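Colleague: Have a look at this fold, sequence not included:
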């Protein structure tokens, strides 16, 4: 009997990719015999674009914060999750945003606590828990007040106060470290930067979906071969960073969970390549997928903002939906919010490149890297296959 993976937040960018990698046979066909994808919103395997697999069960509508408490959650999981008693590996990619840092910490620590406690109570086979955090742990959200000089390395200390007590990542990691003491199961932390990937449901943090819908529309309105100016600024055009493709983050998460001898209690920068890139290198390649010529922003200015452009051409987008039989509801709503794109492409105007030697050493001979096409074009292919873009 192989391992049983339980993925919380399986419809999110990385949760989707972990599910996809496991049922596609990573690291091989026999390591996992059962894969359970948990989603909050209703989702079928077909709608998710996952390949057919006898290993997969999708369980939707599980509320970790149920008013029935811990016992109620465990009763529901026992009822809904076939083989819950055989779960060996937990990939915890559920998250609830709250603009109040104290509430965000409280909610997300409770989510993690309830999930792990439930699995501990229901399965005596638990071996490993993977927790994602991110470069917010280095203070990238503080913009020019980020206290560290890149490349950002896992050995760097936590942020000083008053910032440290507002980072829910720290609270979750501390909780997991304490919960694992004296137990047979292990854990680790994966730290991607901006994740590039496909999501079956709308997700305001999915920059690939924002750019895919924008550039598809731009090409339809302006014509193939048109120039498309970068929607950032002079500084953000040149800054260094490391993208994190969903497949690569997923594969390392799985590898780490199977190799506690190198991963237990550790945190790992998780990104596509040891060599950082810039928008000046990526934007032309991203635009090329849509038959466009990606150009720098006009000096001292910015190219069109994707959200505003879509808003101004909403009727043309609806025509595209009809013409190509696309899914509806992907643009012009609160889940297609353009603020994240502006933050990433304009406000992040400073280097935030990652030191990748630790993760590559841990990954050893199984190490994988990818490039701009491997990350972005693969995501765009998936959006096209799902009929989200033409």
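Modeller: Structure received. Everything numeric in this text was worked out from a predicted model, so none of it was measured. Numbering: from 1, shown residues only.

Colleague: In the worst-scoring helix or strand of the chain on mean pLDDT, which of the residues would be classed as buried?
Modeller: Within the chain, confidence by mean pLDDT, DSSP states H and E is lowest for helix 339-342 among all helices and strands, at a mean of 88. Buried residues in helix 339-342, counted by 16 or more other C-beta atoms under 10 Å: 340-342. Yep, even glycine has a C-beta here, placed from its N, CA and C like the rest.

Colleague: contact partners of stretch 94-102?
Modeller: 8-9, 12, 15, 38, 40, 64, 104, 107-108, 111, 115, 165-168 (C-beta atoms under 8 Å, 6 or more residues apart in numbering).

Colleague: can you map out the helices along the stretch 251-390 of the chain?
Modeller: For the stretch 251-390 of the chain, the helices defined by DSSP state H, counting those that start in this stretch cover 260-263, 279-288, 306-312, 314-324, 339-342, 357-363, 372, 378-385.

Colleague: Which residue is the nearest non-sequential neighbour of residue 47?
Modeller: Take residue 47 and drop its neighbours on the chain: the residue closest to it by C-beta to C-beta, 6 or more residues apart in numbering is residue 200, 5.7 Å away.

Colleague: SS state for that neighbour?
Modeller: coil (DSSP: H, G, I helix; E, B strand; the rest coil).

Colleague: ok, now which ones touch it?
Modeller: Counting by C-beta under 8 Å, 6+ apart, residue 200 makes contact with 11, 16, 43, 47-49, 386.

Colleague: Doesn't residue 26 belong to a helix?
Modeller: No: Residue 26: not assigned to a helix; according to three-state DSSP it is coil.

Colleague: unless I'm mixing things up, it is touching residue 253, no?
Modeller: No: in this structure, residue 26 is not within contact of residue 253 by C-beta atoms under 8 Å, at 10.4 Å.

Colleague: Can you tell me which member of the contacts of stretch 94-102 has the lowest pLDDT score?
Modeller: On pLDDT alone, residue 40 ranks lowest of the contacts of stretch 94-102, at 88.

Colleague: so residue 376 touches residue 287, yeah?
Modeller: No: using C-beta under 8 Å, residue 376 is not in contact with residue 287; the gap is 10.2 Å.

Colleague: sorry, back to before: from residue 58, how far out is the residue nearest to residue 47?
Modeller: 11 Å (C-beta to C-beta, to the nearest Å).

Colleague: Please identify every residue contacting each of these two.
Modeller: With C-beta under 8 Å, 6+ apart as the test, residue 200 and residue 58 both reach 43, 48.

Colleague: which residue packs closest to residue 299, ignoring adjacent ones?
Modeller: The nearest residue in space to residue 299 (C-beta to C-beta, 6+ apart) is residue 234, at 6.7 Å.

Colleague: Revised request: answer the last question for residue 360.
Modeller: For residue 360, the closest residue by C-beta to C-beta, 6+ apart turns out to be residue 367, at 5.3 Å.

Colleague: And the pLDDT for the one you found?
Modeller: Reading off the model, residue 367 has pLDDT 98.
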